[in-house]
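*Asks:* take this sequence and fold it.
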Amino acid sequence: MSQNLKPTILILCTGNSCRSHMAEGFLRAAAGELVNVKSAGSNPTGQVHPLAIKVMAEAGIDISGHRSKHLKEFLDQPVHTVITVCGNADPACPIFPGQANRHHWLFDDPAKATGNEEEILACFRRVRDEIRRVFEAYAAGLRDAKPTR
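*Replies:* Numbers count the residues shown, from 1 in each chain. Take a look at the predicted model:
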């Protein structure tokens, strides 16, 4: 199926540096053949957090090529589903052309973790694992709902 025929799922977070990229990585890996997965932020940091890249690599998913982007990049594109993964992105989220669904799933922000290096990494891993469970289950639902030909 070509990219432009697949429904687009846009995952939003405020900074587009951690949670939205982890979710994008897991959803693309689990359901990429069914959907076009993107992520953006309402106030992007301009970088993908190095620890997000590290913990995703530990899970076998490379997000090192991702970039932090503003949700405005998608305002002129049809977006089927918007998923916000933090509290601040939901109220800032506009309605996108073609938007049929909206989900709001909160995850802690690992970029705000404090402590020593191992404690901060543990927070990134915990949030990664939570995101993985939710987005792999969501992908399974997409596969189950896909009409058979």
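
*Asks:* for the strand or helix carrying residue 122, name the packing helices and strands.
*Replies:* Element membership for residue 122, per DSSP states H and E: helix 117-145. The elements that helix 117-145 packs onto, with contact taken as 3 or more C-beta pairs under 8 Å, 6 or more residues apart in numbering; DSSP states H and E, are helix 19-31, helix 50-58. All C-beta atoms are positioned from the backbone trio N, CA, C, and that covers glycine.

*Asks:* chain center to the next helix or strand after the shortest one, what's the gap?
*Replies:* Translated: helix 50-58. Note on helix 50-58: by DSSP H and E, the next helix or strand toward the C-terminus is strand 81-84. Using C-alpha atoms, centre = their mean, to the nearest Å, the distance from the centre of strand 81-84 to the centre of the chain it belongs to is 9 Å.

*Asks:* partner strands of strand 81-84, with direction?
*Replies:* strand 8-13 (parallel), strand 101-104 (parallel) (DSSP bridges).

*Asks:* now render those strands as TSV, adding distance to residue 83, mean neighbour count and mean pLDDT.
*Replies:* Formatted as TSV, these follow (distance: least, C-beta to C-beta, whole Å; neighbours: other C-beta atoms under 10 Å; pLDDT from 0 to 100):
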stretch	distance to residue 83	mean neighbour count	mean pLDDT
strand 8-13	5	27	94
strand 101-104	5	14	89
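
*Asks:* of all those, which lies closest to residue 20?
*Replies:* Comparison of the strands paired with strand 81-84 against residue 20 by C-beta to C-beta identifies strand 8-13 as nearest, at 3.8 Å.

*Asks:* could you list the low-pLDDT ranges of the protein?
*Replies:* 1-4, 88-98, 147-149 (pLDDT under 70).

*Asks:* ok so, going back, using JSON lines, lay out the helices and strands packed on helix 117-145 together with mean neighbour count.
*Replies:* As requested, those are arranged in JSON lines below (neighbours: other C-beta atoms under 10 Å):
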{"stretch": "helix 19-31", "mean neighbour count": "26"}
{"stretch": "helix 50-58", "mean neighbour count": "18"}
